[in-house]
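Novice: Sequence plus predicted model, see below.
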Amino acid sequence: MLELKNISKQFGGRKILDDINVTITDHQTLAIVGPSGAGKTTLLRIISGLEQPDSGTFIWNGIQTTPQQLRLDGIIGVVFQNFELFPNLSVQDNITLSPILHGQDPKAAKANALQLLAQLDLADQASAYPFSLSGGQKQRVAIARALALNPKILLYDEPTSALDPALRESVADLVKQFKANGMTQVIVTHDLAFADLVADATLTVKKQEAVD
Amino acid sequence: MQYLIEILPSLMSGAQMTLSIFALTIIGAIPLGMILAVGLMRAKTWLMKGVHALLTAYIWLFRGTPLLLQLIFVFYGLPILGIVFDRYSAALFAFILNYAAYFAEIFRGGFAAVDRGQTEASMMLNLTRWQTLRYVVIPQVVKIVLPSIGNEVINLVKDSSLVYVIGLGDLLRAGNVASARDVTLLPLVMVGVIYLVLTLVLTLGLKLLEKHFSYYR
């Protein structure tokens, strides 16, 4: 279980997050929703350690920690809004790069990548390069890349925004499938219908007033 | 024809100097430019800000003054400060510093063109800063900067003729000497043809490199 307590963040005098508390329980799918500019993505970036909060504490399974430590321990995996696949690497290499650099046997890393790709219906794309994939395929590769490091919590930043509306259903099915497998997931989205469709719990982030 | 065959050895010996200045400048200036570009990236600490300011001043100095002037200063000026180079080393020193300044700016633009999200994705995959550079950023930068680097490489072939100012015998100088001695423009026509062949070979090589990197977009 990951608890974030009293998280606050300002950018250039504008309060983005004010005293936010988040509890992510194991096997839960939590949706973080709110209007544009409310700080949803900032909160996701803070959870993933890409952004430092001005104040607040992080507690992982009862022990106080930092988001940087969670990242280093491989607790958190992120699926970025624009996927951020590495264009210079094939699909398979995108997935195996980090495991191999962290000492996994290349053959085992490759076998694991191919298994993940097969699960995500991308078995025939292992040697393709990201530019040749559709948006939905890129997203699934990004998911496979995050899963290859066995994170405890998978974060999605606006998973439906870069996709064709017709693909929303398939992302929802995928999130539900991971949920059924016991994965803990956090989804930042402005798409309330999507949040309703997949989440067990919803956290609404409100837009803050400007501070003097 | 007989005349051309007669002057060919001296032109070839000049071309050898041209090629040697060219090759060693490339070998020295491209890696140096890339390292300098890393130093030009967003500076967070005071130390890095200092390095950034120094590098910016160096680039301004070397891009803001003629290479010819830099050659003269290195060979005739630095000995006043007790730093003495032989002609060839002075030429290499000036060429590498000059071209590294241009390459650094080109690479800086290349680094800036790689989406910040790529670095963040690498962070989330727990790659170190070096691993991110080596496997993610630099391969993308190389593809982005290749056309601009290509331009500079072609320029370098021709700029190498400036070494005459410190008394080195390159291709153009060999042609000039023959032309003045025999009162004919033919040696200079030959020089032009040799430069064209050199730049043609380089252009084709660069095209091949660009083609190699077209396996991804």
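Specialist: Structure received.
Novice: where does B:Val201 land in three-state SS?
Specialist: Secondary structure, DSSP: H, G, I helix; E, B strand; the rest coil: B:Val201 is helix.
Novice: list the contacts for A:Met60?
Specialist: One correction, residue A:60 is Trp, not Met. Counting by C-beta atoms under 8 Å, 6 or more residues apart in numbering or on different chains, A:Trp60 touches A:Met1, A:Leu2, A:Glu3, A:Leu70, A:Ile75. Heads up, the C-betas are built off the backbone N, CA and C, glycines and all.
Novice: any chance of those residues in CSV, plus neighbour count, secondary structure and pLDDT?
Specialist: Shown next, in CSV, are those (neighbours: other C-beta atoms under 10 Å in any protein chain shown; DSSP: H, G, I helix; E, B strand; the rest coil; pLDDT from 0 to 100):
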residue, neighbour count, secondary structure, pLDDT
A:Met1, 14, coil, 91
A:Leu2, 23, strand, 93
A:Glu3, 16, strand, 92
A:Leu70, 20, helix, 89
A:Ile75, 21, coil, 92
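Novice: Let me see the ranges of the strands in chain A.
Specialist: Taking DSSP state E, the strands of chain A run over residues A:2-11, A:14-24, A:29-33, A:55-60, A:63-65, A:76-79, A:153-157, A:184-188, A:201-204.
Novice: picking up where we left off before, just put the contacts of A:Trp60 in TSV and tack on distance to chain B.
Specialist: As requested, the contacts of A:Trp60 are arranged in TSV below (distance: C-beta to the nearest C-beta, whole Å):
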residue	distance to chain B
A:Met1	21
A:Leu2	16
A:Glu3	21
A:Leu70	11
A:Ile75	11
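Novice: All the helices of the chain, in order from the start?
Specialist: Just so you know, I chose chain A. Applying DSSP state H to chain A gives helices spanning A:40-47, A:67-72, A:91-101, A:106-119, A:135-147, A:168-180, A:192-198.
Novice: that's the other chain; I wanted chain B
Specialist: Going by DSSP H, chain B shows helices at B:2-39, B:46-64, B:67-72, B:87-113, B:116-124, B:129-131, B:138-159, B:171-182, B:186-212.
Novice: still on that earlier bit, out of the helices of chain A, which gets the lowest mean score?
Specialist: Note on these: helix A:67-72 shows the lowest mean pLDDT, a mean of 87.
Novice: before we move on, back to that, same list, the strands of chain A, but as TSV with distance to B:Leu67 please.
Specialist: Below are the strands of chain A laid out as TSV (distance: least, C-beta to C-beta, whole Å):
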stretch	distance to B:Leu67
strand A:2-11	45
strand A:14-24	49
strand A:29-33	57
strand A:55-60	54
strand A:63-65	55
strand A:76-79	48
strand A:153-157	49
strand A:184-188	53
strand A:201-204	61
